[in-house]
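**Student:** Would you be able to build a 3D model of this:
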Amino acid sequence: MCGFFAEYRKKDINFNKNFFLLNARKIKHRGPDDEGEVFLKNFSAKFFRLSILDLSKKANQPMKSISGKFLILFNGEIYNFLKLKKNIIFLLGLILIQRSFYFCLKNLVLIWLKS
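**Tutor:** Next comes the predicted model:
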């Protein structure tokens, strides 16, 4: 199972990036296939990915929405992702050109983020 390590802090607290990364490394065994990180003003996270269903790099995390407004770290399984994918394609009117958008809708987390 994937794993992530995150820290939320008040704006006036100093952040030690090296200490954060050292502690995050303690769960690296949870996701040997890829790792990603995000460092924001008052939030930091490190994600370790274990690829099971979608082996592509497009499913690496953290993942941003197309607008860049939203960021997601997701650890778990979306069992109805194929149904969500069909609903999204239908709602966007992409039924006839599904194959050209398949690359965007292949992985579980991206489907969830779009829905």
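**Student:** what stretches of this protein score poorly on pLDDT?
**Tutor:** 12, 93-115 (pLDDT under 70).
**Student:** Look up how far Asp33 lies from Leu55.
**Tutor:** Relative to Asp33, Leu55 is positioned 8 Å away (criterion: C-beta to C-beta, to the nearest Å). All C-beta spots, glycine's among them, are computed from the backbone N, C-alpha and C.
**Student:** neighbour count winner among the two?
**Tutor:** Under the criterion of other C-beta atoms under 10 Å, the comparison of Leu55 against Asp33 puts Asp33 first, with 14 against 10.
**Student:** I'd assumed Arg49 was in contact with the more buried one.
**Tutor:** Yes. In this structure Asp33 lies within contact range of Arg49 using C-beta atoms under 8 Å: 5.1 Å.
**Student:** so how far is the longest helix along the chain from its chain's centroid?
**Tutor:** For the chain, the helix that runs over the most residues, judged by DSSP state H, is helix 81-91. Helix 81-91 has its average C-alpha position 19 Å from the chain's average C-alpha position, going by C-alpha atoms, centre = their mean, to the nearest Å.
**Student:** what packs against it?
**Tutor:** With contacts taken as 3 or more C-beta pairs under 8 Å, 6 or more residues apart in numbering; DSSP states H and E, helix 81-91 sits against helix 108-114.
**Student:** can we see that at 10 Å?
**Tutor:** Using 3 or more C-beta pairs under 10 Å, 6 or more residues apart in numbering; DSSP states H and E as the contact definition, the elements that helix 81-91 packs against are helix 98-101, helix 108-114.
**Student:** first vs last residue of stretch 68-87, how far apart are they?
**Tutor:** Looking at stretch 68-87, the gap from its leading to its trailing residue is 23 Å under the measure C-alpha to C-alpha, to the nearest Å.
**Student:** no, scratch that, I was asking about stretch 14-29
**Tutor:** For stretch 14-29, the first and last residues are 28 Å from each other (C-alpha to C-alpha).
**Student:** contacting residues around the most centrally placed residue in the chain?
**Tutor:** The central residue of the chain, meaning the one whose C-alpha is nearest the mean C-alpha position (C-alpha atoms, centre = their mean), is Gln61 at 3.4 Å. By C-beta atoms under 10 Å, 6 or more residues apart in numbering, Gln61 lies in contact with 2, 4, 31, 34-38, 45, 47-49, 71-75, 107, 109-110.
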